[in-house]
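Enquirer: Predicted model follows, preceded by the sequence.
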Amino acid sequence: MYYSLQKHCKDFQLFVFAFDERAYNILEKLELPSVKLISLAEFEDQQLLQVKPTRSKAEYCWTATSSTILFILEKYGVESCTYIDADLYFYDSPKILIDEMGDKSILLTEHRYSPSRDLSSLSGKYCVQFITFKNDEKSLKALKWWRSACLEWCYARVEDGKYGDQKYLDDWTTRYEGVHVLQHLGGGVAPWNVQQYNFYLGDNIIRGKVINSKKDFNVVFYHFHHIRYFTDQTIDLGDYYLTDNVKNIYYYPYLSDLENSKDFIKKFDDSFDPHGPREKEIIWKTPLINLKRRFYDRYNIFPINEIESKLIK
């Protein structure tokens with residue numbers, strides 16, 4: 001994410017919240033330009049520490065999202081702060097998206113679910129992937145309410161119309177003034193909505209076209225949700241319908257970049273390994289190699305050592 005942002009956005013300040021000591025130590029050694037590294041010791045307040053034991057690691061990250069944004073606005077006094085997920089990858093400058101909000105105070109991005117995969121009623125209309133808050137009264141009012149709500153309840157389950165930190169945003173366009181919903185289709189391309197588009201490579205940029213309306217747009221970022229590494233040296237892209245076009249344009253180059261980043265990080269921490277604690281235990285042990293291959297292709301799972309061979313030169 002950092003290097004893609006650096007490539008397309010020459011003037012930025014990235015605040016990175018390291019949620020464990022090892023991540024902080026590695027990032028500190030990397031000394032990335034335009035990065036301000038923030039530790040949990042610096043960031044966590046009493047309210048966050050009080051709820052931390054009641055949340056899983058993922059739930060605590062969700063709980064803390066609004067607090068990270070408020071922390072930056074209050075401590076550093078910046079004009080605006082945009083929260084971005086670490087699994088985004090930029091193909092154009094995000095300034096295009098932020099400029100669209102004009103004089104509004106808050107920028108939200110929709111999931112834009114494909115009809116066959118519409119989970120709006122469960123996980124929310126909006127995605128906490130790229131969300132901007134200006135440092136003004138309207139923005140801070142919504143942000144402080146969101147932080148308070150997440151401290152009270154933020155779990156990875158559906159309950160009383162809530163889910164994590166996202167469902168809280170559903171009524172913001174009517175609850176608060178100054179909220180703009182992003183219209184640029186290139187902000188928020190993700191595995192849950194790519195089925196609506198065709199993609200092609202333009203002049204150093206990726207272009208998308210809506211299949212139904214034929215509307216063209218430049219892709220600004222892709223959200224690589226759900227990628228999982230397993231101990232049997234396979235990668236799982238999730239149970240989404242991903243065409244070869246999508247895999248060739250987005251996934252294989254991205255995974256290749258991740259492999260290069262892994263090798264680079266190992267220079268600073270030779271024990272670094274992104275693989276999870278378990279195998280993808282479904283059909284691996286079968287001697288029917290062809291069946292195994294069909295399973296890989298159907299469920300977007302493949303061996304890491306095949307990444308380079310899949311790249312289009």
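Expert: Nice, thanks for sending it over. Numbering: from 1, shown residues only.

Enquirer: Tell me where the stretch 151-300 of the chain has strands.
Expert: Under the criterion DSSP state E, counting those that start in this stretch, the stretch 151-300 of the chain contains strands at 158-159, 162-163, 179-181, 187-189, 197-201, 206-210, 216-218, 221-223, 228-229, 234-236.

Enquirer: could the ones you listed go into TSV alongside mean neighbour count and distance to residue 88?
Expert: Using the backbone N, CA and C atoms, a C-beta is placed for each residue, glycine as well. Converted to TSV, the strands of the stretch 151-300 of the chain look like this (neighbours: other C-beta atoms under 10 Å; distance: least, C-beta to C-beta, whole Å):
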stretch	mean neighbour count	distance to residue 88
strand 158-159	11	25
strand 162-163	20	21
strand 179-181	18	18
strand 187-189	25	9
strand 197-201	15	17
strand 206-210	17	14
strand 216-218	16	15
strand 221-223	25	5
strand 228-229	16	17
strand 234-236	20	18
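
Enquirer: Which of those strands sits closest to residue 21?
Expert: Distances from residue 21 to each of the strands of the stretch 151-300 of the chain were compared using C-beta to C-beta; the shortest belongs to strand 228-229, at 21.3 Å.

Enquirer: coming back round to it: figure out which of the strands of the stretch 151-300 of the chain is closest to residue 105.
Expert: Comparing those against residue 105 with C-beta to C-beta, the closest turns out to be strand 179-181 (7.2 Å).

Enquirer: That closest one - which strands sit beside it in the sheet, and in what orientation?
Expert: strand 106-108 (parallel) (DSSP bridges).

Enquirer: For stretch 115-129, which residues meet the burial criterion?
Expert: Within stretch 115-129, the residues scored as buried using 16 or more other C-beta atoms under 10 Å are 123, 124, 125, 126, 127, 128, 129.

Enquirer: OK, contacts around residue 113?
Expert: Under the criterion of C-beta atoms under 8 Å, 6 or more residues apart in numbering, the neighbours of residue 113 are 119, 120, 192, 193.

Enquirer: Residue 221 and residue 170: what is the separation?
Expert: For residue 221, the distance to residue 170 under the criterion C-beta to C-beta, to the nearest Å works out to 22 Å.

Enquirer: what residues are up against the nearest residue to residue 6 once chain neighbours are set aside?
Expert: Nearest non-adjacent residue to residue 6, counting by C-beta to C-beta, 6 or more residues apart in numbering: residue 34, 7.1 Å away. When contacts are counted by C-beta under 8 Å, 6+ apart, residue 34 touches 6, 12, 13, 14.

Enquirer: go again using 10 Å as the cut-off
Expert: Shown in contact with residue 34 (C-beta atoms under 10 Å, 6 or more residues apart in numbering): 2, 5, 6, 9, 10, 11, 12, 13, 14.

Enquirer: wait, the third one sits on residue 89?
Expert: Meaning residue 6. No. The pair residue 6 and residue 89 fails to qualify as a contact (C-beta atoms under 10 Å) at a distance of 11.9 Å.

Enquirer: These two: which has the busier surroundings?
Expert: For residue 6 versus residue 89, neighbours defined as other C-beta atoms under 10 Å are more numerous around residue 89 (19 against 16).

Enquirer: helix or strand right after the strand or helix carrying that one?
Expert: If you go by DSSP states H and E, residue 89 is part of strand 88-90. Helices and strands here follow DSSP H and E; after strand 88-90, the next one along the chain is helix 95-100.

Enquirer: in that following helix, what counts as buried?
Expert: Within helix 95-100, the residues that qualify as buried are 97, 98, 100, counting by 16+ other C-beta under 10 Å.
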